[in-house]
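Chemist: task: produce atomic coordinates for the following.
(2 chains)
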Amino acid sequence: MKVKFWGTRGSLPVAATAADIRKKIIAALTAANGRSFASADEIEAFADQLPFAVAGGYGGHSSCVELLCGGPEHVICDLGSGARPLGQAKIAAFGPACPQDYHVFLSHLHWDHLMGLPFFVPLYLPGNRIFMYGCHAEMEGAVRLQMSEPCFPVLFDQAAAKIEFHQLEPGKPYDIAGLRVTAKKQMHHGDSYGYRFEKAGKVVVYSTDSEHKNNPQARAGFVEFFRAADLVVFDAMYSLAEAVSVKADWGHSSNIDGIELCQEACARRLALFHHEPVHDDARLDALLADTRRFEEISRGNGPPLEVISAYDGLTVAL
Amino acid sequence: MQLSARPHQNATVLAASGRIDQNSSDDFLAALQGHLEGSDVAAVPLVLDFSGVDYISSVGLRALMMISRQVKAKQGKIGIAALQPLVREVFGIARFELVIPCFDSVDGAIAELSA
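Modeler: Now for the predicted structure:
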């Protein structure tokens, strides 16, 4: 199984500004320090040595994650603005003449997790089938609302694909698109739901827009939900200090909570996700370094937990 | 985890030791609250001597946040002093130095908070 990140930003999509690009160029030229390169390969090799925040970047699309399971069906978590490039990639790969099945799991109905649907081109192609799964009773209404006047010029009923909505029950396992899927209720305004996906001994947990408090019973529930996961995609939007003070009850979590829960659950890999929109690439690089350091400090005698920071375009093989 | 009071003229100094984690944070919080009830934090600041603390987890930091709120609600001041390097690192990663002021020494904390 593989996991591809199409949108990793929290709350609101962002884009690099001219000043951001200039900062990267200056940093790269400073690192080169007048060096000349004999070939394109040498330039590539030099770029590969630069910090990710200089040679690359985390991107700015809001939440959209694809599970690549090897089957003919497409499995997607959330339809943030990252659903636009995802849809384009699907059209490029399969063309309009080859109908596809898409299975979409919605964590919740806030705008940043739905806003990509009107720009998801497979929605408009006859023959495609889109199965939407979520635990909110209002799921279909919320999806229709954002594709209605005056929110959007194309109405939901103008979509040519066949669209079905399926409400799931938290805690109950379902077999969908070759995966065993279990949803879990999370603390977030209006509730959100995490998903645990299992297939052929591999486990992915998608847990975003989820606040964690000092509640041992709730904590034990999440440890079980994350148990032995190969990858946990985790809402690490705030620092712990923010999450327990000025941004308490805003419905998001921290890198510290992610590490502790994954360590207790014996998960193998943690992906920091739902990045704070005000953080630039350098800040996100530093956050990843801090988180890896905290993992070392808190590991004790347990096995190491691999920590990565999700970025738009990242593919993780499990 | 142990918490003991040390008399001082210009502050209430509480010395903590051991690990403050899931196993001990409830006791830590209860002990802190007990001392808080018996002291006039509006008149004398509360200084936590962390020189004996080996580790603090998120649950311990959350306990500190609660105490900090209670002290501030009483118009008092709180600071943490003499953190071991590893614990100071945890504070930095969690950005907790922005929530509760940290000082290199107990004397430095008392001087700053009672000024």
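Chemist: give me the contacts around the longest helix seen in chain B.
Modeler: Longest helix in chain B by number of residues (criterion: DSSP state H): helix B:58-73. Contact partners of helix B:58-73, identified using C-beta atoms under 8 Å, 6 or more residues apart in numbering or on different chains, comprise A:213-214, A:240-241, A:244-245, A:254, A:256-257, A:260, B:20-22, B:24-25, B:28-29, B:32-33, B:36, B:41, B:46, B:48, B:56, B:77-78, B:80, B:90-91, B:94, B:96, B:99-100. Bear in mind the C-beta positions are built from the backbone N, C-alpha and C, glycine included.
Chemist: list the buried residues for it?
Modeler: Residues of helix B:58-73 classed as buried under the neighbour-count rule (16 or more other C-beta atoms under 10 Å in any protein chain shown) are B:58, B:59, B:60, B:61, B:62, B:63, B:64, B:65, B:67, B:68, B:70, B:71.
Chemist: now the second one: closest residue in space, sequence neighbours ignored.
Modeler: Nearest-residue entry for residue B:59: residue B:25, 4.4 Å, with adjacent residues in sequence omitted and distances by C-beta to C-beta, 6 or more residues apart in numbering or on different chains.
Chemist: mind listing what the one you found touches?
Modeler: Contact analysis of residue B:25 by C-beta under 8 Å, 6+ apart lists B:57, B:59, B:60, B:62, B:63.
Chemist: leaving out the residues flanking it, which one is nearest to residue 94?
Modeler: Unless you meant another one, I'm taking chain A. Distances taken as C-beta to C-beta, 6+ apart place residue A:100 nearest to residue A:94, at 5.7 Å, with adjacent residues excluded.
Chemist: wait, chain B was what I had in mind.
Modeler: Nearest residue to residue B:94, sequence neighbours excluded (C-beta to C-beta, 6+ apart): residue A:240, at 4.0 Å.
Chemist: so residue A:182 is in contact with residue A:175, correct?
Modeler: No. Between residue A:182 and residue A:175 there is no contact under C-beta atoms under 8 Å: 10.7 Å.
Chemist: those two: which is more packed in?
Modeler: Using other C-beta atoms under 10 Å in any protein chain shown as the criterion, residue A:182 and residue A:175 rank with residue A:182 on top: 18 against 9.
Chemist: let me see the mean pLDDT of stretch B:12-31.
Modeler: What stretch B:12-31 shows for mean pLDDT is 95.
Chemist: give me the element residue 87 is part of.
Modeler: Just so you know, I chose chain A. Using DSSP states H and E, the element containing residue A:87 is helix A:83-94.
Chemist: please refer instead to chain B.
Modeler: Using DSSP H and E, residue B:87 sits within helix B:85-93.
Chemist: buried sites along that helix?
Modeler: Of all the residues in helix B:85-93, those buried under the rule 16+ other C-beta under 10 Å are B:87, B:88, B:89, B:90, B:91, B:92, B:93.
Chemist: next helix or strand past that helix?
Modeler: Counting by DSSP H and E, the next helix or strand C-terminal to helix B:85-93 is strand B:102-103.
Chemist: distance from the chain centre to that next one, please.
Modeler: The chain centre lies 10 Å from the centre of strand B:102-103; the measure is C-alpha atoms, centre = their mean, to the nearest Å.
Chemist: that strand close to chain A?
Modeler: No. Strand B:102-103 stays clear of chain A (C-beta under 8 Å from any C-beta of the partner chain), getting no nearer than 12.0 Å.
Chemist: and the next helix or strand past that strand?
Modeler: Counting by DSSP H and E, the next helix or strand C-terminal to strand B:102-103 is helix B:106-113.
Chemist: just the CA atoms of that following helix, as CSV, please.
Modeler: Listed next in CSV are the C-alpha coordinates belonging to helix B:106-113 (Å, rounded to 0.1, in the frame of the first residue of the first chain):
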residue,chain,number,x,y,z
VAL,B,106,15.8,29.7,41.8
ASP,B,107,17.4,32.9,43.0
GLY,B,108,17.1,34.5,39.5
ALA,B,109,13.4,33.5,39.4
ILE,B,110,12.7,35.0,42.9
ALA,B,111,14.5,38.2,42.0
GLU,B,112,12.6,38.6,38.7
LEU,B,113,9.2,37.5,40.0
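Chemist: what's the distance between that helix and the middle of its chain?
Modeler: Counting by C-alpha atoms, centre = their mean, helix B:106-113 comes out at 13 Å from the chain centroid.
Chemist: residues in contact with it?
Modeler: Residues from elsewhere that reach helix B:106-113 (C-beta under 8 Å, 6+ apart): B:8, B:10-11, B:13, B:45, B:47, B:49, B:51, B:77-82, B:101, B:103.
Chemist: next step: those residues restricted to helices.
Modeler: Per DSSP H, these never map to helices.
Chemist: can you flag the buried ones in those residues?
Modeler: Of the contacts of helix B:106-113, these count as buried by 16+ other C-beta under 10 Å: B:11, B:13, B:45, B:47, B:49, B:77, B:78, B:79, B:80, B:81, B:82, B:103.
Chemist: so which of those residues sit within strands?
Modeler: In strands, defined here by DSSP state E, the members of those are B:13, B:47, B:49, B:78, B:79, B:80, B:81, B:103.
Chemist: the fourth one and residue B:42 touch, don't they?
Modeler: No. In this structure residue B:78 lies outside contact range of residue B:42 using C-beta under 8 Å: 11.8 Å.
Chemist: for chain A, list the residues in contact with chain B, please.
Modeler: Listed as neighbours of chain B in chain A under the rule C-beta under 8 Å from any C-beta: A:213-214, A:216, A:239-242, A:244-245, A:254-257, A:260, A:290-291, A:293-294, A:297-298.
Chemist: what bridges to the residue nearest the centre of chain B?
Modeler: Centroid check for chain B by C-alpha atoms, centre = their mean gives residue B:48 as the closest residue, at 3.4 Å. Taking DSSP bridges as the rule, residue B:48 bridges to residue B:14, residue B:80.
Chemist: thank you, goodbye.
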